[in-house]
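[1] need a 3D model of the sequence below.
(one chain, ligands or ions: 2)
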Amino acid sequence: MMLKTKDILTLGELTADEFDGLLKSTIKMKSENNIPQDRPLQNKTLAMIFQKPSTRTRVSFDVGMYQLGGYALSLSSSDMQLGRGESIEDTARTLSRYVDCIMARVYDHSSIQALAKHATIPVINGLSDSFHPCQTLADFTTILEHKGRLQDLRIAWVGDGNNVCNSLIYGAALSGASLSVATPQECQPISSAVRFAKDHTEIQLTENASEAARNADVIVTDTFKSIHDTDGTRISKLFPKYQVNDSLMSLAKSDAIFLHCLPATRSSEVTSSVIDGPRSVVWDEAENRLHSQKALLRQLLSD
Ligand code: CP
Ligand code: NVA
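    Ligands and ions are numbered 1, 2, ... in the order given. Predicted coordinates:
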């Protein structure tokens, strides 16, 4: 199945069927072979632009392109003319003449929108201040692998209503999973994501972490201090009311799993007992970044 959209900026570009198809093809590719013999992206190139640091996104896209027979260039924005003030528009136009796809990790979400608008090739959001769609593809793949279904599952997000949370909301909407989002009042997710979800599934916003975690099948959190977050006082405000610890996990179903996109700060948003414990699936989740990116690249770039 080919995707109708040129770009993946939020996941809102996908239909529910396309989202489901991507997860299924991720699981199929993972089970079959890491290195498809037919090299589906032979001679295809991916430019990866980083305005921010990255381990998982950088390595999984790079290795994913290699395994599909293509080639990836890792570009730090500070080493590009972009870092000296060349416009995003001109960068998009130039790269469109050299490569087949752009993946970018940016600060303002408007930067990835501008890249997509002015590039004639697909643009993938590798994280903006507002969204992290590739993380959501891996997260829902991981949940599907461990739970065998997505519809009717109860997912709880506990912590900051950040980029990963905003994208998880799109994932819930596209999969039909119900989502309870527990954040402080001043750290709520983006209202456009919440509106999108309300049209498609059951979503609840609360300030009470216990309320969200109760009877959950899945508990998800992320750092209290995102890369773009310059206000260090937010951590002390959030912590410990939104920490995922044994006490919070005990409110969830006995077979509930724990997800975290990583990097994690143990003893801040999550205790070691949870993230390193038996209900944590964070290493499967990290691995699935590779498989889900390969499925996405294949669908966006195959001839
Ligand atoms: N989860 C994630 O996107 O990790 P990186 O910041 O290491 O890419
Ligand atoms: N919310 C985090 C996610 C890192 C993968 C950040 O933006 O820094």
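[2] every contact and neighbour count from this point should use C-alpha atoms.
    Fine.
[3] and whichever strand or helix holds residue 300, what does it pack onto?
    Residue 300 belongs to helix 282-301 when elements are defined using DSSP states H and E. Judged by 3 or more CA pairs under 8 Å, 6 or more residues apart in numbering; DSSP states H and E, helix 282-301 is in contact with helix 16-32, helix 56-67, helix 133-147, strand 257-260.
[4] recalculate using a threshold of 7 Å.
    With contacts taken as 3 or more CA pairs under 7 Å, 6 or more residues apart in numbering; DSSP states H and E, helix 282-301 sits against helix 16-32, helix 56-67, helix 133-147.
[5] list the contacts of the very next helix or strand once past the first one.
    Looking back up the chat, that one is helix 16-32. Downstream of helix 16-32, the first helix or strand assigned by DSSP H and E is strand 45-50. By CA atoms under 7 Å, 6 or more residues apart in numbering, the residues outside strand 45-50 that reach it are 70-77, 99-106.
[6] among the helices and strands packed on helix 282-301, which comes closest to residue 201?
    Nearest of the helices and strands packed on helix 282-301 to residue 201, taken as CA to CA: helix 16-32 at 11.5 Å.
[7] so what does that closest one touch, helix or strand wise?
    Contacts defined by 3+ CA pairs under 7 Å, 6+ apart place helix 16-32 against helix 163-175, helix 282-301.
[8] show me the contacts for residue 213.
    156, 219, 248, 251, 252.
[9] rerun at 10 Å
    By CA atoms under 10 Å, 6 or more residues apart in numbering, the contact set of residue 213 is 154-158, 180-182, 219-220, 244, 248-253, 256.
[10] just these: which are in helices?
    Mapping the contacts of residue 213 onto helices (DSSP state H) picks out 248, 249.
[11] give me the buried subset of the contacts of residue 213.
    Among the contacts of residue 213, those buried by neighbour count (16 or more other CA atoms under 10 Å) are 154-158, 180-182, 219-220, 244, 248-249, 251-252, 256.
[12] which residues touch stretch 23-31?
    Here stretch 23-31 makes contact (CA under 10 Å, 6+ apart) with 1, 17-22, 32, 35-36, 137-142, 144-145, 287-296, 298-299.
[13] rerun at 8 Å
    Stretch 23-31 has contacts (CA atoms under 8 Å, 6 or more residues apart in numbering) with 137, 140, 141, 145, 291, 292, 294, 295.
[14] try stretch 274-284
    Residues from elsewhere that reach stretch 274-284 (CA under 8 Å, 6+ apart): 142, 244-246, 249, 255-262, 266.
[15] low pLDDT regions in this protein?
    The model of the chain has pLDDT under 70 over residues 1.
[16] from it, which residue is nearest to ligand 2?
    In the chain, the residue that lies nearest ligand 2 is residue 226 (3.3 Å; CA to the nearest ligand atom).
[17] residue numbers of the stretch 51-200 of the chain in contact with ligand 2?
    Residues of the stretch 51-200 of the chain lying close to ligand 2 (CA under 6 Å from any ligand atom) are 162, 163, 164.
[18] ok, so what distance separates the last one from residue 22?
    Counting by CA to CA, to the nearest Å, the gap from residue 164 to residue 22 is 19 Å.
[19] how about the residues of the stretch 201-303 of the chain near ligand 2?
    Residues of the stretch 201-303 of the chain lying near ligand 2 (CA under 6 Å from any ligand atom): 226, 227, 262.
[20] rewinding a little: among the contacts of strand 45-50, which ones are buried?
    Buried among the contacts of strand 45-50 by 16+ other CA under 10 Å: 70-74, 76-77, 99-106.
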